Each structure stands twice: as C-alpha cells, then as structure tokens.
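Q: build me a model from this:
(one chain, ligands or ions: 2)
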Amino acid sequence: MEKLVIVAIGGNSLVKEDGSGSVQEQYEAVCETAVNIADMVEEGFQVVVTHGNGPQVGFGLRRSEIANEVKGMPIVPLVNCGADTQGGIGYQIQQALTNEFARRGINKKVATVITQVEVSQNDPNFKNPTKPVGSFFTFEQAEEMKKEHPDWIFIEDSGRGYRRVVPSPKPIDIVEKDAIKKLIEAGFVVIAVGGGGIPVIKKDNNTYEGIDAVIDKDFATSLLAEQVQAETLIITTGVSRVCINFGKPNQQALESITVEELKQFTAEGHFPPGSMLPKVEASLSFLEKNGSRVIITDPESLKDAIVGKAGTHIVNMK
Ligand SMILES: Nc1ncnc2c1ncn2[C@@H]1O[C@H](COP(=O)(O)OP(=O)(O)O)[C@@H](O)[C@H]1O
Ligand SMILES: NC(=O)OP(=O)(O)O
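A: Ligands and ions are numbered 1, 2, ... in the order given. Purely as a prediction, here's the structure:
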C-alpha cells in the first residue's frame, strides 16, 4: 500500500471570520483544498481526510436558537448540530474530490464515514468549556450578548476577536474505526471524524448515546492516525508555519523542530488553547505513539509541504 497520510482541514480555513460566507463560498474553499489533496494522490500517497467544524457548528447552533426565539421552533441539540456539519462538510469534500479526480482521470473513489467518537461523561472538560465555535465578535459585542444570554461563555481567540465556547471532551475511541480501515484497505480516499467526530458516551450492552459537546478535530485526527497506523499527519490551518512569539514583533516561524524542542516551546506558553495548542498537543501525541512525522501548514502549501519545501515539520528522533 502507498504511504498513508492523514490530512486535517481546519474549519476556519473554509469560512470568512465574520460568518458572512455563503455555502457556495465554503464549497469554493473546499474545491481549492481538493486540488491540493489530488496533487498528493497523484504523487502516490494514500490519503485520509478529516476536517474541523468550529465556525460551522456555532453557526448551526445559533440558527437553531434564533429560529426558537423568533418562531418557537424546537432547538437542535449541539450534538446534532455537529452531526449536521459532519454530513454537510463531508458532502462538499466528497463531491469536490470526486470531481477533481474525474477531471484529472484519477481512478479513485471517495467515501465519507459518519463517525461517532466516544468520550467520557466524567471528562472534566464538560465543566470547563474551551472550544471556540461560531463567529468572532468584538469585546463590546460579546459583553452585550452576555447580558441577553448570561450562560454563554466567551474567550479571546488568538488576537482574532471573542468567540463563544462549548465543552470539548477528549476523544477515547473511534466507534467506526473498523469500517474506516476497510475502506482505506479497499483504496478509497476516506473522509472521517469530521468536526472531531460526533461525541457519544458508551452505555450498557455496547450501546451509545450522543452528548452535547464539540470534540477538537486535531485530537480526534491524531487518534484516528494512530488507530489506522498512518505514517504522516498533516494539519492544515490559517498559517503556513507554526510560530513562536506569534503576533509579536519578534515572531519567528518554525521550519523543522524536534519533539523535545516543541515541548519546550509549549511549556513556555507559545501556543494558545483553543487554536494552536490542540494542534501541537495532537502532534506530540501522534509522534509519541509511533507516528513518523507531522506537518502543520496552510492548505495552499500542502503539495510543497509533503516534500519538505513548506510548513512546520515535527520529527520524531526516536
Ligand atoms: N504560535 C502560533 N503560531 C501560528 N499560529 C498561531 C499561533 N498561535 C495562534 N495561532 C493562530 O491559530 C490559528 C489556528 O487555529 P484555528 O483557526 O482555531 O484552527 P483551525 O484552522 O483548525 O480552525 C492560526 O491561523 C493563527 O491565527
Ligand atoms: N471541531 C474542531 O476542532 O473544529 P475546528 O478545527 O474548526 O476548530
């Protein structure tokens, strides 16, 4: 089999920050990423695609709340909003890749797996929401909204504005991992654990039940990479390289870095929670469980990054 690479697409890389982008505009952004993924397939890599849903799940939740406030329509629970984004974004990636392969005459089939991801009901993150979802707001807008919705919690997100946060438990297991493995073995380009997967808790007799949360897609992707024994994990996001002193005059982009160096920079606080920290922690976890390499870059740089010409490369010196 070709070398197995997992590519995680950041939810923010598919939308406009203020949430004004249309579904068609999101599809156009997906199509641009599909071109880069098709390049990798042509280079001979077997690719699994995962994606985020931070903006989209927040937009869906807000649409449901507004429909409830204005028309009394039933609220769509957060877990279902997540499932909806997994289907909606999965559909767009699936169609964009299918069409790109058809245009190039690449003989590859694409399949999206609706993926449940097990979490623990006792995960402390349920009591401490940290996952930013939906649009970015100014401080004043966030304060205004808190007056109307006292239970909402906002955090400042990497200098980009304020965002509402929801609980984000850690993924324990991927319920559909065997189906995903079978599709990979059969040569499919698989899209899975979209939006970090649909959070579920395990009940008696191997049954599952959805729970309101948004799993970080970087952690879910790292777990998938481990479970399907991928060689390389690529996390695409809004920046071409991870930086130290991000946003400061002495900002420095990292090209190649060891696990030990990355741990040191993490301890020094260079990576904020809710944005770069989960990517770094997910990368370290994958490498510590025998993954070979991780690349963090933007979607445009994918083709160059895989051959070492772009992105931040984190290497396992073991
Ligand atoms: N140290 C850092 N290096 C690079 N980018 C950083 C750093 N700290 C914060 N960021 C910001 O975090 C963003 C990635 O987080 P986010 O947009 O939440 O991820 P996603 O692409 O998965 O939606 C980057 O685009 C950048 O704006
Ligand atoms: N679920 C998730 O982590 O989404 P983003 O990558 O879009 O934040």
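
Q: what's near enough to touch F154?
A: Neighbour list for F154: F137, A142, M145, K146, Y162, R163, R164, V165 [criterion: C-beta atoms under 8 Å, 6 or more residues apart in numbering]. C-betas here are computed from N, CA, C, even on glycine.

Q: recalculate using a threshold of 10 Å.
A: F154 makes contact with 132, 137, 139, 141-143, 145-146, 161-165, according to C-beta atoms under 10 Å, 6 or more residues apart in numbering.

Q: quick one: which of those residues is most hemmed in?
A: Among the contacts of F154, the one with the most neighbours (other C-beta atoms under 10 Å) is P132, at 28 neighbours.

Q: distance of the residue nearest to it when sequence neighbours are not counted from D157?
A: Spatial nearest neighbour of P132, excluding adjacent residues (C-beta to C-beta, 6 or more residues apart in numbering): R163 at 3.7 Å. Distance of R163 to D157, given as C-beta to C-beta, to the nearest Å: 5 Å.

Q: thinking again about what came up before, for the contacts of F154, work out which two are farthest apart.
A: For those, the maximum inter-member distance is 16.8 Å, found between P132 and E143 (C-beta to C-beta).

Q: pLDDT of whichever strand or helix holds V7, averaged?
A: Assessed by DSSP states H and E, V7 sits inside strand 4-9. For strand 4-9, mean pLDDT is 96.

Q: packing partners of the helix or strand where S285 lies?
A: Assigned by DSSP H and E, S285 falls within helix 276-288. Applying 3 or more C-beta pairs under 10 Å, 6 or more residues apart in numbering; DSSP states H and E, one finds that helix 276-288 contacts strand 4-9, helix 217-227, strand 232-236, strand 256-258, helix 259-267, strand 293-297, strand 312-315.

Q: now for the last one, which elements pack on it?
A: Helices and strands touching strand 312-315, as assessed by 3+ C-beta pairs under 10 Å, 6+ apart, comprise strand 232-236, strand 256-258, helix 259-267, helix 276-288, strand 293-297.

Q: which of these sits most buried?
A: Mean neighbour count (mean count of other C-beta atoms under 10 Å) peaks for strand 232-236 among the helices and strands packed on strand 312-315, with a mean of 27.

Q: report the angle between that one and strand 4-9.
A: Angle of strand 232-236 versus strand 4-9, following axes from the mean of the first three to the mean of the last three C-alpha atoms, to 10 degrees, is 10 degrees.

Q: can you give me the offset of stretch 69-76 from its chain's centre?
A: Distance, stretch centre to chain centre, for stretch 69-76: 29 Å (C-alpha atoms, centre = their mean, to the nearest Å).

Q: any idea of the mean pLDDT in that stretch?
A: The pLDDT scores in stretch 69-76 average 97.

Q: for stretch 127-141, same thing?
A: 94.

Q: now render the helices and strands packed on helix 276-288 as JSON lines, adding distance to ligand 1.
A: Formatted as JSON lines, the helices and strands packed on helix 276-288 follow (distance: least, C-beta to the nearest ligand atom, whole Å):
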{"stretch": "strand 4-9", "distance to ligand 1": "7"}
{"stretch": "helix 217-227", "distance to ligand 1": "7"}
{"stretch": "strand 232-236", "distance to ligand 1": "7"}
{"stretch": "strand 256-258", "distance to ligand 1": "12"}
{"stretch": "helix 259-267", "distance to ligand 1": "8"}
{"stretch": "strand 293-297", "distance to ligand 1": "8"}
{"stretch": "strand 312-315", "distance to ligand 1": "8"}
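
Q: name the element the residue nearest to P132 belongs to?
A: strand 162-166.

Q: quick check: can you name the pairing partners of the helix or strand that comes right after that strand and their directions?
A: Later in the chain than strand 162-166, the nearest helix or strand by DSSP H and E is strand 173-174. The strands beside strand 173-174 in its sheet (DSSP bridges) come out as strand 116-118 (antiparallel).
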